[in-house]
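Undergrad: this is the structure alone, sequence omitted:
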């Protein structure tokens, strides 16, 4: 094989490998987002069987992360150029964030099983937080698919609003638990569920930052605006 043909073959092989990597990441992202949506449905329609399936399906997301890791290794061994290296590094970061989103969605499903008592507060606020988290994930994936750094920056900027929603929900749940001793158990699960959704928003933002790095080649973004004071000491 001549040098020119060898070069063309290598470039074509890299292109095919990158497309396979993109397809696998988007498939993984769709699975993680669907898991999250299904877990949120359990808040209004408890279903033990569905909760168990969501927990079990997390293994499929983990398997995809392992597959993506192998794809990345194969690409790295082909001597990629600078842009290709950014593809590889971004893919590793995004796969890790998607795996964590899947884990957090599974945890939401597990905790939904413990909500045996009706909870009169924060129901709509928790759903609102959940819908916002789902939108962040899907918008970040769309930015990755389109290689759109501007759209990715919008996802990053929107994380502050999700923080505000989480903070408001946190205080609402604490007030309920202070006023009703019987609310401590369900309220604790709801606090963890709300925190899981806030963390999912953080992982979506990480994906958006990986898109910015992939497109622009600059990993030095300014600090995010954070509006979540739920971790600050609370005084009566």
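TA: The structure has been received and is ready for your questions. Everything quoted here is computed from the prediction, not taken from an experiment. Numbers count the residues shown, from 1 in each chain.

Undergrad: now do the helices in the chain.
TA: 3-44, 48-76, 82-112, 123-146, 149-179, 184-216 (DSSP state H).

Undergrad: tell me the buried residues in the fifth one?
TA: Applying a neighbour-count criterion of 16 or more other CB atoms under 10 Å, the buried positions in helix 149-179 are 149, 151-153, 155-156, 158-159, 162-163, 165-170, 172-173, 176-177. C-beta coordinates here come from the backbone N, C-alpha and C atoms, glycine included.

Undergrad: re the thing from before, could you export the helices of the chain as a markdown table, including mean pLDDT?
TA: Supplementary listing: these in a markdown table, determined by pLDDT from 0 to 100:
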| stretch | mean pLDDT |
| --- | --- |
| helix 3-44 | 76 |
| helix 48-76 | 87 |
| helix 82-112 | 89 |
| helix 123-146 | 94 |
| helix 149-179 | 94 |
| helix 184-216 | 94 |
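
Undergrad: now do the contacts for the nearest residue to residue 168 once chain neighbours are set aside.
TA: Using CB to CB, 6 or more residues apart in numbering and skipping the chain neighbours, the partner closest in space to residue 168 is residue 125 (6.8 Å). Counting by CB atoms under 8 Å, 6 or more residues apart in numbering, residue 125 touches 165, 168-169, 172.

Undergrad: same thing with residue 172?
TA: 121-122, 125.

Undergrad: do the same with residue 42
TA: With contact taken as CB under 8 Å, 6+ apart, residue 42 is in contact with 50-51, 54, 108-109, 112.

Undergrad: closest to residue 17 among these?
TA: residue 54 (31.6 Å; CB to CB).

Undergrad: count the neighbours of the closest residue to the closest one other than its chain neighbours for me.
TA: Leaving aside its chain neighbours, residue 54 sits nearest to residue 109 (3.9 Å; criterion: CB to CB, 6+ apart). Close neighbours of residue 109, defined as other CB atoms under 10 Å, add up to 26.

Undergrad: residue 109 against residue 40, yeah?
TA: No. Counting by CB atoms under 8 Å, residue 109 does not reach residue 40; the two are 9.6 Å apart.

Undergrad: relative to residue 181, which of the contacts of residue 172 is nearest.
TA: Nearest to residue 181 among these, with distances taken as CB to CB, is residue 121, at 14.8 Å.

Undergrad: on that earlier part again, which two among the contacts of residue 42 are spaced furthest apart?
TA: Top of the distance list for the contacts of residue 42 (CB to CB): 50 and 108, 11.8 Å.

Undergrad: between those two, which is the more surrounded one?
TA: residue 108 (27 against 16).

Undergrad: how about that one, nearest residue that isn't a chain neighbour?
TA: residue 39 (3.9 Å).

Undergrad: report the contact partners of that neighbour.
TA: Contacts of residue 39 by CB under 8 Å, 6+ apart are 51, 54, 105-106, 108-109, 112.

Undergrad: narrow the residues you listed to those that are buried.
TA: Here, 16+ other CB under 10 Å leaves 51, 54, 105-106, 108-109, 112 buried among the contacts of residue 39.

Undergrad: for residue 185, grab the count of nearby residues.
TA: 14.

Undergrad: any idea how far residue 40 is from it?
TA: With distances taken as CB to CB, to the nearest Å, residue 185 is found 21 Å from residue 40.

Undergrad: likewise for residue 95?
TA: 23 Å.

Undergrad: show the contacting residues for the residue nearest to residue 102 when sequence neighbours are not counted.
TA: Nearest non-adjacent residue to residue 102, counting by CB to CB, 6+ apart: residue 61, 3.7 Å away. Going by CB under 8 Å, 6+ apart, residue 61 touches 28, 31-32, 35, 98-99, 102.
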